[in-house]
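J.: what would the 3D arrangement of this be:
(2 chains)
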Amino acid sequence: EDQVTQSPEALRLQEGESSSLNCSYTVSGLRGLFWYRQDPGKGPEFLFTLYSAGEEKEKERLKATLTKKESFLHITAPKPEDSATYLCAVQARGGAQKLVFGQGTRLTINP
Amino acid sequence: ETGVTQSPTHLIKTRGQQVTLRCSSQSGHNTVSWYQQALGQGPQFIFQYYREEENGRGNFPPRFSGLQFPNYSSELNVNALELDDSALYLCASSLVSGGAGEQYFGPGTRLTVT
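T.: You can find the predicted model right below:
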């Protein structure tokens, strides 16, 4: 069964303090790994898709990396507006293109 | 380009009642997926529709059913509501084209069952 585990569950940083969020996964043939940002009471907002080990993608202060067992979301010099829950999801090859999500990491950036 | 929209925003129902939630896909997308998100949890896959047919289903009972229309909009129907059905229901649209299709989510419908 495909599974995603995110750590830590919650993370509190000071503005400008860089850190990383972890996403460990097991999947029967990876089609893609996705990162989303979710603000309270809203739908997830797409950030990145990673397809194969060694791939990296960047957007503003965020950088996502992928290995065969885990993905990291690196946040460099975060600002208070980066506060949100970050969700990781995998999509397996074959069948429906369903997403299997982790429980998320709740990130708070204090000014 | 119009994003994914969902209606209603909030809904309060009584246990045993039936509910219909609606979703309009992003322009150009041919697939819609529905997810249930309990408070503090990640979204759970309910089912997916592609070209008006169910294309996969998660671990949800048959009282959860859906439809996709020719314009790719969709409905989620839940019969015999239970208290545990209280959650944020998310619709996501995507373009199935062989590779990993990014799914774009709507704002969700918050369902409360009392």
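
J.: within range of chain A, give me the residues from chain B.
T.: Contact residues, chain B versus chain A (Cβ under 8 Å from any Cβ of the partner chain): B:4, B:6, B:31, B:33, B:35, B:40-45, B:48, B:55-58, B:88, B:90, B:92, B:94, B:96, B:99-108, B:110. (Glycine included, C-beta is placed from N, CA and C.)

J.: which residues touch residue B:110?
T.: A:41, B:9-11, B:88-89 (Cβ atoms under 8 Å, 6 or more residues apart in numbering or on different chains).

J.: strands of chain B, residue ranges please.
T.: B:5-7, B:10-13, B:19-24, B:31-37, B:44-50, B:53-57, B:64-68, B:74-78, B:87-94, B:104-105, B:109-113 (DSSP state E).

J.: and the angle from the fourth one to strand B:44-50?
T.: This means strand B:31-37. 170 degrees (axes from the mean of the first three to the mean of the last three Cα atoms, to 10 degrees).

J.: which strand or helix spans the residue of chain A found nearest chain B?
T.: At 2.3 Å from chain B, residue A:96 is the closest residue in chain A, using Cβ to the nearest Cβ. Here residue A:96, judged by DSSP states H and E, is contained in no helix and no strand.

J.: what sits against the residue nearest to it when sequence neighbours are not counted?
T.: Distance criterion Cβ to Cβ, 6 or more residues apart in numbering or on different chains; nearest residue to residue A:96, sequence neighbours excluded, is residue B:56 at 2.3 Å. Applying Cβ under 8 Å, 6+ apart, we find residue B:56 in contact with A:95-98, B:45, B:47-48.
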